[in-house]
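S.K.: quick one, fold the following:
(one chain, ligands or ions: 1)
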Amino acid sequence: MAELLAVKGGKPVMAPGTVKPWPPIDDTDRKMVLDSLEGENSHAFGPNCIAFQEEFAAWNGNRHAITTNSGTAALHMGLVGCGCGRGDEVIVPAYSWSSSATCVMQHNCIPVFVDIEFDSMNIAVDKIEAAITPKTKAIIVVHLHGLAADMDRIMAIAAKHGVKVVEDACQAHGAKYKGKKVGTLGHCGAFSFNQNKCLCAGEGGMFVTDDVEILERAKSLWSFGEATSPTETRDYHVYAMGWMYRNNDLTAAWGRAQLKKLDRHLAIQKQNAARLTESIKGVPGLILPTAPAGYEHNWYNYTIRFDMEALGHAHDRRAFRDKIIGAIRAEGLDTGIWQSFILPAMTVFQAKNAYGHRCPWSCAHAESVDYSVDRFPVATKHLETHTGMTYPLRAPNGPEVAELAAKAIGKVMANLDQLEGDY
Ligand SMILES: Cc1ncc(COP(=O)(O)O)c(C=O)c1O
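M.R.: Model prediction:
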């Protein structure tokens with residue numbers, strides 16, 4: 001029986017306040033943050049930072065970890081760790097967070113975009129080799145939305161061409177590939193602890209590697225270009241071009257508290273995602289996210305694509321997608337658009353101007369690269385047909401919220417005729 005959609009004046013499926021906020025806070029968070037606050041002379045790069053590095057490295061299975069003030073900082077360090085510099089080309093998927101690509105320009109390198117695969121939403125491994133040139137120095141692999149990229153194939157390509165691999169694991173804490181955690185599969189990796197991430201410390205990040213040479217190079221830009229960490233004896237001498245990428249003690253204290261609960265939070269997220277999939281898998285017009293055999297998704301972002309061909313909206317897929325999302329949101333489910341632009345379409349790349357004077361693309365050391373948007377049809381299709389959700393499937397929300405989410409989506413998809421035409 002047809003139900004009146006909330007966007008048309010019907011009763012919403014989910015009442016306000018149904019979805020509890022992220023992240024859940026308890027006495028462990030309060031105590032660890034307060035202890036840091038009350039510590040003496042230790043609020044900058046303090047004891048919690050050191051402990052956070054050790055505990056995160058142990059949790060993820062890395063030999064070395066350096067905590068940073070963002071995932072972007074950790075990515076930039078990875079790039080430098082891999083020896084990238086002036087005019088080197090770095091391969092990046094055409095669909096990701098902006099700084100997966102802008103970190104490349106931060107070291108005077110040139111991003112070269114590769115389209116994504118529709119099913120995994122990750123870099124199209126088949127298209128990587130065609131993008132490799134004599135200038136290629138590294139590949140930034142993004143484990144998008146918590147699903148690992150096909151690392152065996154990527155590492156084989158990297159080895160064949162002598163290039164390094166930086167894992168952008170900013171969304172992928174705890175995701176596994178063939179039993180191994182992301183961040184242990186490439187030459188080095190970057191995690192984010194920003195508000196929306198599976199480990200939230202407000203902001204913050206972690207650079208990880210098993211390779212001492214990569215570690216030392218990455219570290220060279222982390223603390224002003226000094227050679228030692230602030231907890232060691234410092235000579236305050238700048239040996240290399242440096243940034244200020246260090247984490248601080250309060251943030252690290254909260255990160256440590258959240259790390260203690262991370263496995264539990266990830267298990268809840270996984271259960272909720274499975275429940276949602278189970279409840280909407282038969283709904284026509286939806287393309288649901290999957291994790292192939294051998295992959296353990298962390299379900300950072302549960303991303304659905306609408307099958308616009310089947311829905312008769314291939315011609316206006318973006319506009320109709322926006323109508324569907326509006327209707328689902330009106331039912332009380334916070335689902336959204338993760339990105340509104342594929343990376344090459346963003347102004348900084350189209351204008352090829354990062355530092356002014358069209359630098360670094362105009363520099364004598366740079367080869368020309370083509371950022372025509374029509375070279376990335378899969379990323380564009382994904383962009384225009386997707387919606388994603390995070391908090392509704394996160395702890396402390398349980399399967400009852402996943403069920404309501406399924407109901408909201410199912411109700412809208414069963415009544416799409418109400419969205420036809422202008423309203
Ligand atoms: C895939 C990806 N890479 C990099 C980042 C950057 O992380 P941060 O915001 O901590 O700099 C984010 C998130 O913001 C991200 O989602």
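
S.K.: give me the low-pLDDT residue ranges for the stretch 201-350 of the chain?
M.R.: In the predicted model of the stretch 201-350 of the chain, no residue satisfies pLDDT under 70.

S.K.: where do the helices sit along it?
M.R.: Remark: helices assigned in the stretch 201-350 of the chain by DSSP state H, counting those that start in this stretch are 212-219, 249-280, 317-330, 347-350.

S.K.: and these: which comes nearest the ligand?
M.R.: helix 249-280 (11.3 Å; Cβ to the nearest ligand atom). (C-beta placed from N, C-alpha, C; glycine too.)

S.K.: so what does that closest one touch, helix or strand wise?
M.R.: Applying 3 or more Cβ pairs under 8 Å, 6 or more residues apart in numbering; DSSP states H and E, we find helix 249-280 packed against helix 27-37, helix 47-60, helix 399-414.

S.K.: need those helices in TSV (columns: mean neighbour count, mean pLDDT and distance to the ligand).
M.R.: Rendered in TSV, the data for these read as follows (neighbours: other Cβ atoms under 10 Å; pLDDT from 0 to 100; distance: least, Cβ to the nearest ligand atom, whole Å):
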stretch	mean neighbour count	mean pLDDT	distance to the ligand
helix 27-37	15	98	19
helix 47-60	20	98	14
helix 399-414	20	98	22
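
S.K.: of these, which is nearest R321?
M.R.: Smallest distance to R321 across those (Cβ to Cβ): 11.9 Å, for helix 399-414.

S.K.: pull the residues that contact the closest one.
M.R.: Here helix 399-414 makes contact (Cβ atoms under 8 Å, 6 or more residues apart in numbering) with 2-3, 5, 12-14, 18-19, 271-273, 275-276, 279-280, 283-286, 304, 324, 327-328, 331-333, 335, 389, 392-393, 419.

S.K.: for the ligand, what's its nearest residue on the stretch 51-200 of the chain.
M.R.: Residue nearest to the ligand within the stretch 51-200 of the chain: G71 (2.8 Å; Cβ to the nearest ligand atom).

S.K.: ok, that residue - contacts?
M.R.: 99, 168, 170, 190-194, 197, 205.

S.K.: let's see 10 Å
M.R.: 97, 99-100, 103, 168-171, 190-194, 197, 203-207 (Cβ atoms under 10 Å, 6 or more residues apart in numbering).

S.K.: check M77 too.
M.R.: 66, 68, 103, 107, 166, 188, 190, 205, 207, 209, 214-215, 217-222, 243, 245.

S.K.: can you give me the strands for the stretch 1-150 of the chain?
M.R.: Assigned by DSSP state E, counting those that start in this stretch, the stretch 1-150 of the chain shows strands spanning 64-68, 89-93, 110-114, 136-142.

S.K.: wait, which of those strands is closest to L34?
M.R.: Across those, L34 has its closest neighbour in strand 64-68 (19.9 Å, Cβ to Cβ).

S.K.: now for the closest one, which elements pack on it?
M.R.: helix 47-60, helix 71-81, strand 188-192, strand 205-209, helix 212-219, helix 249-280 (3 or more Cβ pairs under 10 Å, 6 or more residues apart in numbering; DSSP states H and E).

S.K.: and the ones you listed: which comes nearest P360?
M.R.: With Cβ to Cβ, the closest approach to P360 among these belongs to helix 71-81: 13.1 Å.

S.K.: stretch 56-65: how far from the chain's middle?
M.R.: Distance of stretch 56-65 from its chain centroid, counting by Cα atoms, centre = their mean, to the nearest Å, is 19 Å.

S.K.: other residues contacting that stretch?
M.R.: Contacts for stretch 56-65 (Cβ under 10 Å, 6+ apart): 52-55, 66-67, 74, 169, 173-174, 180-184, 188-189, 191, 193, 199, 206-212, 214-216, 218-219, 252, 255-256, 259-260, 262-263.

S.K.: 6 Å - rerun?
M.R.: Outside stretch 56-65, the residues within contact range by Cβ atoms under 6 Å, 6 or more residues apart in numbering are 53, 181, 183-184, 206, 208-210, 215.

S.K.: what remains of these if I keep only buried residues?
M.R.: Buried by 16 or more other Cβ atoms under 10 Å: 53, 181, 183-184, 206, 208-209, 215, out of these.

S.K.: of those residues, closest to G162?
M.R.: Nearest to G162 among these, counting by Cβ to Cβ, is T209 at 18.1 Å.

S.K.: how many other residues sit next to the nearest residue to that closest one once chain neighbours are set aside?
M.R.: Using Cβ to Cβ, 6 or more residues apart in numbering and skipping the chain neighbours, the partner closest in space to T209 is C188 (3.7 Å). C188 is flanked by 28 other residues according to other Cβ atoms under 10 Å.

S.K.: wait, isn't C188 in contact with E213?
M.R.: No - C188 lies out of contact with E213 (Cβ atoms under 6 Å); the separation is 10.5 Å.

S.K.: please list the residues of the stretch 1-150 of the chain that sit near the ligand.
M.R.: Within the stretch 1-150 of the chain, the positions near the ligand by Cβ under 6 Å from any ligand atom are 70-72, 96-97, 99-100, 142.

S.K.: same thing but 8 Å
M.R.: 70-75, 96-97, 99-100, 142-144 (Cβ under 8 Å from any ligand atom).

S.K.: same check, this time on the stretch 201-350 of the chain
M.R.: 203-205.

S.K.: in space, what's closest to M244 - neighbours in sequence excluded?
M.R.: F224 (6.0 Å).

S.K.: tell me how far the one you found lies from D322.
M.R.: 45 Å (Cβ to Cβ, to the nearest Å).

S.K.: for the two, indicate the residue with more neighbours.
M.R.: Between F224 and D322, counting by other Cβ under 10 Å, F224 is the more crowded of the two (18 against 14).

S.K.: that one against W243, yeah?
M.R.: No - using Cβ under 6 Å, F224 makes no contact with W243, being 7.6 Å away.

S.K.: which SS state does the closest residue in space to V165 that isn't next to it in sequence fall under?
M.R.: Spatial nearest neighbour of V165, excluding adjacent residues (Cβ to Cβ, 6+ apart): G186 at 3.6 Å. G186 carries the three-state label coil when classified by DSSP: H, G, I helix; E, B strand; the rest coil.

S.K.: pLDDT score assigned to G186?
M.R.: Note on G186: pLDDT of 98.

S.K.: try the one 3 residues further on
M.R.: Predicted confidence (pLDDT) at G189: the value is 98.
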